[in-house]
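Trainee: Let me see the structure of the following:
(4 chains, ligands or ions: 6)
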Amino acid sequence: MHAVRLPEKGRVEQWETRKTNQITIGIVGSGGDGAIAAGEIMASAAAHEGLYCILTKSYGATIRGGETSARIRLGANRVHSQGDKLDVLVCFSWKDFQLFKGELELKDQCVILYPEGDVIQPDQLPIEPGLHPTVIRVPFIKLAKEEVGNELTKNIVMLGVLAELFDLPKKGLVAAIHHRFERKSKDLIDLNLKALNIGSEYAKNNIHESHPVNFFYTTSPPKLLMTGNEAIAIGALNAGCRFMAGYPITPATEIMESLTRLMPMYDGTVVQAEDEIAAAAMVIGASFAGVKAMTATSGPGVSLMQEMLGLAVIAEIPFVLVNVQRGGPATGMPTKSEQADLMQAIFGCHGDGFKVVLAPCDVQDCYDIIQYAFAIAENFQVPVIVLSDQFLGQRKASFTTLFPDHIEVAERKLPTETDLENYLRYKISKTGVSPMTHPGIEGGEYLASGISHLENGYPTSSYFVNEQQTQKRYRKASRIIEKYPLWHYYGQKGATLGLLGWGSTKGIIREAVHLCTTAGIDVVGMVPRILHPLPIDELQDWFSTLSNLIVIEMSYSGQFLQYLRSQMKLPSTLVHYKRSGGSLIPLGEILNLIIEHCEESVTPEQKRIVDPEGIFDLDKSPTVSMHLRGDIYEL
Amino acid sequence: MHAVRLPEKGRVEQWETRKTNQITIGIVGSGGDGAIAAGEIMASAAAHEGLYCILTKSYGATIRGGETSARIRLGANRVHSQGDKLDVLVCFSWKDFQLFKGELELKDQCVILYPEGDVIQPDQLPIEPGLHPTVIRVPFIKLAKEEVGNELTKNIVMLGVLAELFDLPKKGLVAAIHHRFERKSKDLIDLNLKALNIGSEYAKNNIHESHPVNFFYTTSPPKLLMTGNEAIAIGALNAGCRFMAGYPITPATEIMESLTRLMPMYDGTVVQAEDEIAAAAMVIGASFAGVKAMTATSGPGVSLMQEMLGLAVIAEIPFVLVNVQRGGPATGMPTKSEQADLMQAIFGCHGDGFKVVLAPCDVQDCYDIIQYAFAIAENFQVPVIVLSDQFLGQRKASFTTLFPDHIEVAERKLPTETDLENYLRYKISKTGVSPMTHPGIEGGEYLASGISHLENGYPTSSYFVNEQQTQKRYRKASRIIEKYPLWHYYGQKGATLGLLGWGSTKGIIREAVHLCTTAGIDVVGMVPRILHPLPIDELQDWFSTLSNLIVIEMSYSGQFLQYLRSQMKLPSTLVHYKRSGGSLIPLGEILNLIIEHCEESVTPEQKRIVDPEGIFDLDKSPTVSMHLRGDIYEL
Amino acid sequence: MSSNEDQIMEKEETGNTKKPGYSAKDYKSPLKPIWCPGCGDFAVLNALQQSFAKLRLPRHKVAVISGIGCSSRIPGYLSTYGFNSLHGRAIPLAIGVKLANPDNTVVVAGGDGDLFSIGAGHMPHVARKNINLTVLAMDNRIYGLTKGQMSPTTPLDTYTSTTAYGSYDPPVNMVKYVLAYGAGFVARAFSGNLPLLTSLIMQGIEYKGFAFIQVLSPCVTYRGKAEYDSIRENSEVLPDTYDPTDHKSACEIGDIEDKQYLGLIYRNDNLIPYEDRIIEMRKHAQKGKVIPVGELINLYRT
Amino acid sequence: MSSNEDQIMEKEETGNTKKPGYSAKDYKSPLKPIWCPGCGDFAVLNALQQSFAKLRLPRHKVAVISGIGCSSRIPGYLSTYGFNSLHGRAIPLAIGVKLANPDNTVVVAGGDGDLFSIGAGHMPHVARKNINLTVLAMDNRIYGLTKGQMSPTTPLDTYTSTTAYGSYDPPVNMVKYVLAYGAGFVARAFSGNLPLLTSLIMQGIEYKGFAFIQVLSPCVTYRGKAEYDSIRENSEVLPDTYDPTDHKSACEIGDIEDKQYLGLIYRNDNLIPYEDRIIEMRKHAQKGKVIPVGELINLYRT
Ligand SMILES: Cc1ncc(C[n+]2csc(CCOP(=O)(O)OP(=O)(O)O)c2C)c(N)n1
Ligand SMILES: Cc1ncc(C[n+]2csc(CCOP(=O)(O)OP(=O)(O)O)c2C)c(N)n1
Ligand code: SF4
Ligand code: SF4
Ligand SMILES: [Mg+2]
Ligand SMILES: [Mg+2]
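Mentor: Ligands and ions are numbered 1, 2, ... in the order given. Next comes the predicted model:
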């Protein structure tokens, strides 16, 4: 089958080859199509050859047979986000493609590959109108069945085709296939290598049409490749965590799964609890008993843990709770990402309960932030919530390395001999922290409780004492923010347009700042990684240098902005880009907002630098999309 | 025994009799002393003779034998709050008195009664230094034992003494004793009447010293006397609630207790569930099945219900959750009041979950607000949280009447024949509300779920549809605030100093406004009874008339102010009076703040009108108390 | 675009959805099940539809309540009222549905994890209260929906995604638990035996009180296709001579763990359903004068 | 003012708190119990102190974990480590304490409501996992702390503050439940029989695995002083001839509801405690090369 170039309304256009060191490929299919597996092999190949990559997977709610998609972005230079519109789409099933409405957008001059047998004709593709794709039909199934001898290898055949067409790292693909199947069987390795080869050969011999995507790169030493959930698991071990209890839940389960494998090697314990309440209780019990402990869950689990969180606050028991956010409320969209558990993390439990909220902003940062979380929890005897999200937790990313030694491992403040003479577990102290014993320490026996208590831990219903102890607990906040200045700036000082976001939206912010800065459009980005207590002074300083601020988040109700407003004075006008989760924030929409709101008007030349391929419509006024965007607040 | 007048440091002072139509009496003792029972009888007596009264009870955490106190404020005119400093203290146990540190303050020229046998001498009383009490020792136990013949009646003997000394409504006391013991036995009635009489006789014959408190009033027809919890129970029945499930918890249990008694009379059902999660689930199930349903709990229970709340939001199942707030976090201070579950009510469940939060501001309002709650829940298919608190829920108050007919009883929007032709349970609509069927309605079968869904209820993981449905649910907010303008203003228009608070702090606000207005100090109070969605326009209008705003709340972290800031622009300076719960907000501190911050300086004459008895130190600069008060925010 | 276009729907076999009859297909929803091919849950769906049809239950008078899990998707595939609620909470939610209107038939369906791990705390109470529900515990000995973690019924020494070195939690014995809770109707069925499954569901629905049916319903994806055979080998239908009204025999059957007996294990027709107790109690409450609701305030006149 | 002045404390009988010996009073905390006079919980406290003393347990190696309730106040009255946690959550919290350091003796104390109503979901799992805890279920058949509502063990037809017309929920049978869960140590004691109670607690602590003791512990305030007599009448100590290792007899005893047999009902010394299984599993995991934690990242090098 040959490539078809679709002219728009009969007009045959000229197109130029795009020479690029970055490429974004989407693969869509039903469960059995192996779209995700293909994406993973491609990511592994890329990392093996030292490329940067980000792989995001998207599932419907089905176990098998439902719609799945993999989006992989590869680059010789660091890639900051999951990529916006696709350069290449491989579509095994157009029905499934439609279920990802709003999630997979195509570049104007993209390349589309789909099975030869499909009833849908090249001019009937259910894609946005007005695009100019190069459409290539390939007999994936036939090749897999007849040439390879196993229909299931069609995804590997497809990889072979892609490798040939787009010059993907072939050595890497071979290594990745070895890596993936080595634990299974030699035969499987051979079968898949054969499939890869058949795909390439087919492309070499049968696909003659040229296409606009010219991906080039140089290789470098192999990179690390992992998901945010894996980074959290090994980061926790590195921080000294030796007890974990949890309950399976998408998209957090992989943390427990990794730890059940690794923890016993270090004499630690993982318990699969009967539910999330029990998991949190076990963790608090283990920490009370002197062991660093954590749990990991997602929104529904966190909702169930609210009472336990309050217990840890008032009893001053350190522990770490990782929330890999998914779409809410209730069961919501279990396989999709969102940033709408922020307010719950800060304010979810009843009463005035001070806890700490941190948020990693990429896969590497998951490794660091979990370690900071343990450090803060242990140093300040407070529960720490780590707000990750599905994009971070389940994305695979490659990067050069991680640094296991750069975050101090905290040990709990034990009482001195003198302290033990008249041991007061909840002694009022300047820092809000008092020495903490645990069963096994002689002379340090005390009563922990969720009830308002005296300095010695015994219950009281005295208003006066309660107020003192509440003050004590809140006193921790200012020291924490002093000791842990966790935030990132991107771009050059002096820029007057600021982008502010948190967590996984960092990718888009960083990429937008990078593109704009290259074009001489002054934009600066800030991403706090400690959200509560909020670094108010730092933010205030930063705001004072800005004439315009764009706040970006994946929450329909705009929780981040609500929270910011609740804590501090914001610039008097700001632009709020908010939408519910479920889909990536499109880079194009952010670039459009920047152009609309930056101080000096952006020249056509600058726009060309920001968007050399002209895929973002930077000249048109921004398309009105269905979600609330660009709301301007007067504060 | 005779009355002792305690001179301050040897100086005998002159005092004037305070002629007053209001009196505040505190009674403190251990469980067995009958302090609470005495308070209740006094309240009942007052209501019987048509007096206004507010009775607040305070317990330690003990069942029997622990510290208890009753504070009753009586007046011929409406009493707005629980009263500040005490005119009269009856103290059965000074040890218990000390456990109420910060909760019971005495007027300078108060009257103190305590048992003759007590080892503590009149000049050793553990009270604030510098007071000038009239101290009267009475052989309560001896009288009860020897004269009445039953030591347990000492509290009734005490009431007899009080009645005589302060001219309390004696007919009312007799009626109250009949009322209280009529279900027990005639003998008990007689015994207690005897005790009452012996108390009065003793006072008449043996207490000769005069004292400064001269309480006067005229009687009027009997009033209603009930607690906020009782008002909620009967209000719910009036709104058509016919299903309740709950789990006992202080201070909310009385709602379930009342309903277990009353509900079966109207063929309704009350289930004592195994826990709060089950209770919420049952309620949601019953409502799904077409019956108006509610649950009632306190903070720990609400924390457990967070996931269920989210379910009701996304499945659009109406129900009412009453949270009678107590001190938090965790078990906290179960018998004390606080307003620190506000943020949880609004933001507690994971995801963007729109629900409604209402707050009654006094006992009568409990009756109204619960009915509004049902109306909003049913009209808008949304969960409604009613934030009461221990002060409202367990306080007894007397008032003229309640109006059972003035709030429209809402019935759920059923589908029309046409709707049923292609029934879409979650049809996108302008108002955000779509017709709702329930099992039993033919042709209206649908799937309810906590999963993101299509208009017909079937699950989807489409980002696009999810966003549409989220929008739909949030669209309800503006109509709710239009249709239910629930807020109160106190004072005269044009005043430039505003007091803003919610829930039970209304009492203090209203009283402060009343006192100041009488003295010509212009103060206006506003108390929203709908907190979420917040009546932003209304507040904004009001703020524009103010030059200074004082925000008052019982939350250490200042949740109300944080919430206000998160939603709207506040006046550029404001004063924040916040403290944790556990104790009443002292009127004196609020008056002091008003004087400090009102536009025109307050004359000594005005101060005398506001505080004729000079008990609030309005001349001195405000005492620095341990809690944060009068923080000035620059916004 | 109407938002329901983007959901896969099967064509309804009868064009007329307004007047359903009582054939099994009238209880089918337009949604096509997305269970893995071979999943045991198909049989449960099928048996439910057949049971409703045979019992001639009007579909608007049936509510099927589930939690979260593969098994809990079942209400979506039925044309009755349904509620796909929260993980572990089907039972209390169903109690509310039933007590609000005892006229309706209320069926609970859930997984082994849903009903016996996170939802374990509700089971003793619904059983002892004897609420008139039919509970289908679709036991696949694994967490299916979350992709293969240990469940409370996973046999010892199983490798799952959370038991990298083999599981070491001794599994739950559902029948034994529920018998201890005092349930009056306890049965065990198997997806591989559709007639028995259907018959037990019908009996359960007709039983006036709490009816519990464990359904061995294999997860072919995370426990392998061999699960059917292994269940067949290790199970046996109770003989006709077995007397389910004998509590002692029932307990003996419940105790046996190496062989899974299928059929009606226990039935006690002498227990009073909760609804009846409530009606009794209401009568008691209404003995005195019942004042109109609007006049309740007068109870508080002193 | 130091904030602990405002709490009622009893004088410690030994002046020296630093070197406690092993007499019962060494396990007393300075807090004076605020239970109602006559409350059955005093006996449980007493028996615990005696048991610790007799077993010569260093108080820093004991942790007593409770939920919320009158009964759950008990850790406050002991000089060991204690945790008065949340209503219903003593068991999972205690699991964490125990597994973090299996050297410590961990005792759980809670009320009938705490352990069998809101906490009911944790019981099957701790029992089947066989965690080495000793659980004292202080059963007063009422909600004491919240002032007299029906509890899961309240007998039928009881008037309580939430059952104005008599209760109609058939009560929980703790022993039966826990036997069904596979517990290896099940006993019933009575606050009115201190020697038996003490002996059972000691045996429970010494038992290597999950030990469950139901303690009939009357609430004199909400169930009346007569409760002691009525328990005395309706209970009987198991005869010396009774063989607690026989599972069948145990189940029979568990089934009997009109008479409450006191003593050790069941004991199985062949069950493996969870801690031992974990140690086994760790060995398995450590068979291969264990790389240092800091080098774990290299597992992800492609
Ligand atoms: C509160 C909460 N915790 C965890 C989950 C994730 N979760 C969904 S289904 C499930 C278990 C599925 O197993 P089972 O109940 O046995 O049903 P199956 O899929 O095997 O039929 C879990 C843990 C959730 N949805 N909610
Ligand atoms: C989540 C939660 N729900 C409810 C309560 C209120 N509460 C405290 S103790 C208790 C029950 C007490 O009964 P039980 O467990 O039998 O102990 P007892 O007081 O009888 O010893 C309840 C309902 C609570 N503290 N937390
Ligand atoms: S994963 Fe298992 S239980 Fe779930 S649908 Fe597939 S086979 Fe069935
Ligand atoms: S209320 Fe009952 S259980 Fe509680 S302390 Fe008093 S007697 Fe004991
Ligand atoms: Mg399962
Ligand atoms: Mg109890």
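
Trainee: low-scoring pLDDT stretches of the chain, where are they?
Mentor: No chain specified, so I'll use chain A. Applying pLDDT under 70 to chain A picks out residues A:1-16, A:61-65, A:620-635.

Trainee: Please refer instead to chain C.
Mentor: C:1-20.

Trainee: which residue ranges form the helices in it?
Mentor: Counting by DSSP state H, residue ranges of the helices within chain C are C:41-54, C:90-100, C:112-113, C:123-129, C:174-180, C:194-206, C:220-223, C:226-234, C:247-255, C:274-285.

Trainee: what's the closest of the ones you listed to B:Gly525?
Mentor: Among these, helix C:90-100 comes nearest to B:Gly525, with 40.7 Å by CB to CB. No exception for glycine: its C-beta is placed from N, CA and C like everyone else's.

Trainee: Can I get the closest one in CSV, CA atoms only?
Mentor: Listed next in CSV are the C-alpha coordinates belonging to helix C:90-100 (Å, rounded to 0.1, in the frame of the first residue of the first chain):
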residue,chain,number,x,y,z
ALA,C,90,-22.8,-1.4,47.9
ILE,C,91,-24.3,-2.9,50.9
PRO,C,92,-25.1,0.1,53.1
LEU,C,93,-26.3,1.9,50.0
ALA,C,94,-28.5,-0.9,49.1
ILE,C,95,-29.9,-1.0,52.6
GLY,C,96,-31.0,2.6,52.1
VAL,C,97,-32.6,1.8,48.7
LYS,C,98,-34.5,-1.2,50.2
LEU,C,99,-35.7,0.5,53.4
ALA,C,100,-36.8,3.6,51.5
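
Trainee: one step back: columns mean neighbour count and distance to A:Pro300 on top of the helices of chain C, output as TSV?
Mentor: Below are those laid out as TSV (neighbours: other CB atoms under 10 Å in any protein chain shown; distance: least, CB to CB, whole Å):
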stretch	mean neighbour count	distance to A:Pro300
helix C:41-54	23	22
helix C:90-100	30	15
helix C:112-113	32	14
helix C:123-129	25	20
helix C:174-180	25	24
helix C:194-206	20	29
helix C:220-223	21	21
helix C:226-234	15	28
helix C:247-255	17	33
helix C:274-285	17	29
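
Trainee: Redo those as JSON lines? Include distance to ligand 2.
Mentor: Putting the helices of chain C into JSON lines (distance: least, CB to the nearest ligand atom, whole Å) gives the following:
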{"stretch": "helix C:41-54", "distance to ligand 2": "35"}
{"stretch": "helix C:90-100", "distance to ligand 2": "15"}
{"stretch": "helix C:112-113", "distance to ligand 2": "23"}
{"stretch": "helix C:123-129", "distance to ligand 2": "14"}
{"stretch": "helix C:174-180", "distance to ligand 2": "20"}
{"stretch": "helix C:194-206", "distance to ligand 2": "33"}
{"stretch": "helix C:220-223", "distance to ligand 2": "35"}
{"stretch": "helix C:226-234", "distance to ligand 2": "40"}
{"stretch": "helix C:247-255", "distance to ligand 2": "28"}
{"stretch": "helix C:274-285", "distance to ligand 2": "21"}
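
Trainee: now the strands for chain C?
Mentor: Listed in chain order, the strands of chain C (DSSP state E) span C:62-66, C:81-84, C:105-111, C:134-139, C:185-190, C:211-216, C:235-237, C:260-267.

Trainee: All set now, cheers.
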